[in-house]
Structure formats: structure tokens, C-alpha cells
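1. For reference, the sequence and a predicted model appear below.
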Amino acid sequence: MIILMFGPPGCGKGTQACEIVGLTKITAISTGDLLRGEMKAGTELGKKAQDIMNAGGLVGDGLVNDMLVSRISQADCRDGFLLDGYPRTAEQARFFDGVLARRGFPAPLVFHLDVPADVVVGRITARRQCPVCNRIYNALYQPPKVEGICDFDDGVLFTRKDDTEETVRERLRGYDRRTNPMIAHYRSGNYHKIDGTQAPERVFEEVTGILQGELVGQAR
Ligand code: AMP
């Protein structure tokens with residue numbers, strides 16, 4: 001199964017991705033996390049991406065496409081995978097169609113979490129991430145049990161550099177200009193728009209219902 005998570009930054013894609021992994025055991029890939037990993041490791045790609053990411057822009061399609069292909073070529077993606085943050089442009093979507101077709105993968109199942117801009121800005125500026133498992137918390141709505149510490153591995157939570165209000169607004173402009181129109185590419189397929197302003201548990205109930213339908217369909 002191939003799952004794509006769409007929605008603006010801060011819509012809860014990362015949180016839902018973690019839950020879906022728990023349920024399906026599918027491998028989840030976040031291109032943002034991959035790029036942050038490259039930055040941390042000081043690779044050429046990381047250096048190229050750093051300034052663009054910190055300013056809230058989009059990294060070039062060619063760089064991201066190559067990185068994605070290399071990641072999904074690993075053994076843990078052989079039976080499928082979930083993507084969070086990719087594709088983000090029409091060019092990436094076209095490229096990804098070709099990759100799926102060449103590798104004989106099925107058409108993707110798409111979850112689009114719909115959240116208005118102002119809600120997103122409030123959420124993102126309160127967002128904290130675990131450096132060990134990449135889980136996302138929210139200081140306001142979804143805090144860890146112990147302030148500043150991951151519930152699962154004791155990682156010390158951090159605030160991402162691109163989670164400031166100014167950068168979030170720039171990321172949202174990029175989303176409206178380039179990612180939102182790209183989603184039209186998937187609407188005629190196995191596409192599900194979900195109200196992402198609901199509590200994460202409620203969103204996951206909807207996601208689970210759809211996933212169970214898919215799994216039953218596959219088993220037939
Ligand atoms: P995210 O963690 O998905 O919010 O991504 C953080 C940042 O990484 C984005 O603001 C972009 O600068 C960059 N990025 C992640 N995925 C992509 C992509 N598919 N295409 C271009 N840039 C990306």
C-alpha cells in the first residue's frame with residue numbers, strides 16, 4: 001500500500017503518520033525529516049537545503065526527487081510506504097507517478113487533512129519535536145507527560161528553526177501557490193479529505209475507518 005499525507009504545515013500529518021505506522025506497520029518517510037537529517041550530517045544536499053528550509057521555501061524538485069527515490073529503494077519500502085511532505089509540487093507529482101508505474105506499485109491512497117491558515121499558525125508555533133523518534137508534540141493541545149521530554153524514548157524535545165510565525169506564513173504561501181494546486185492531481189483517485197481541526201484521536205478514527213475498508217478490499 002502507498003499512502004500520501006497532504007495538508008498544510010501543522011495540519012497533523014506527522015502525528016497521523018505515526019499512528020498509521022502503529023496500525024499498518026508500513027514504513028513512514030517524511031521528506032522534511034530526511035532533509036533535516038542531511039543538514040545534521042553536513043552532507044552536500046544538507047548544505048544546499050539549509051538556507052531554503054530555514055527561510056520557509058521549497059527545496060528544488062530534482063534534489064528532493066533523487067533523495068526520495070534513494071530512500072524508497074531500501075528494503076523496508078518493498079511492500080509499500082507512507083509519504084509525509086511529498087509530493088509537494090506538480091513536477092514532483094508527475095515524477096512520482098512515473099516511479100510508481102515503473103516499480104509496479106498501486107495508485108496511492110491519499111489523506112488530505114484540511115486546516116485553515118490561522119489555526120495552523122497557532123499550532124505550529126507551539127509545536128515540539130523529538131530528535132530521537134521524530135514524534136511531534138504540541139505544548140498547547142498535545143503535551144508530553146513530562147514537559148519537554150518525549151513519552152517514548154526520553155528525547156529532549158526541540159522547536160524547529162522553521163516553526164516561527166514569519167517562516168510559517170511563508171511556508172503557507174508556498175503551500176497555497178504550489179502544493180494546494182498539485183493536490184487536484186489526486187482528487188479523482190483514492191482521495192479522502194478529512195477535517196484536520198478535529199482532535200487527533202477523532203481524525204485517526206476517520207483514518208482508521210478508511211484504512212480498514214482498504215485492507216478488507218485488498219484481502220478479497
Ligand atoms: P516539513 O517537515 O514537511 O514541514 O518540511 C520542512 C521543510 O523541508 C519544508 O518547508 C521545505 O523547505 C523542505 N521540504 C520537505 N519536503 C519537501 C518537498 N517534497 N519538496 C521541497 N521541499 C521540501
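-> Nice, I can see it.
2. Now Leu157. Nearest residue, chain neighbours left out?
-> Excluding the flanking residues, the one nearest Leu157 by CB to CB, 6 or more residues apart in numbering is Arg128, at 3.9 Å. Backbone N, C-alpha and C define where each C-beta goes, glycine included.
3. Quick check: bridge partners of that neighbour?
-> Tyr137 (DSSP bridges).
4. Next up, the contacts around it.
-> For Arg128, the contact set (CB atoms under 8 Å, 6 or more residues apart in numbering) comprises 136-139, 144, 148, 157-159.
5. Quick one, which of those are buried?
-> By neighbour count, with 16 or more other CB atoms under 10 Å, the contacts of Arg128 hold 136-138, 144, 157 as buried.
6. contacts for the longest helix along the chain?
-> Secondary structure of the chain per DSSP state H: the longest helix is helix 200-219. Contacting residues not belonging to helix 200-219 are listed as 1, 12, 15-16, 19-20, 23-24, 109, 111, 113, 142, 190, 192, 194-196 [CB under 8 Å, 6+ apart].
7. Which positions in that helix come out as buried?
-> 200, 203-204, 206-207, 211.
8. Now distance to Gly42 too, for the residues you listed, in CSV please.
-> Shown next, in CSV, are the buried residues of helix 200-219 (distance: CB to CB, whole Å):
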residue, distance to Gly42
Pro200, 34
Val203, 36
Phe204, 36
Glu206, 41
Val207, 36
Leu211, 38
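9. so which two of these are the farthest from each other?
-> Pairwise distances across the buried residues of helix 200-219 peak at 15.5 Å for Pro200 and Leu211 (criterion: CB to CB).
10. Give me the distance between the two termini of stretch 17-31.
-> Taking CA to CA, to the nearest Å, stretch 17-31 runs 13 Å from one end to the other.
11. quick check: mean pLDDT across the longest helix of the chain?
-> Helix 200-219 shows a mean pLDDT of 88.
12. Check stretch 112-121 too.
-> In the prediction, stretch 112-121 has an average pLDDT of 93.
13. Stretch 84-97 too?
-> On average, stretch 84-97 scores 96.
14. How far off centre is that stretch?
-> Mean C-alpha position of stretch 84-97 versus that of the full chain (CA atoms, centre = their mean, to the nearest Å) differs by 12 Å.
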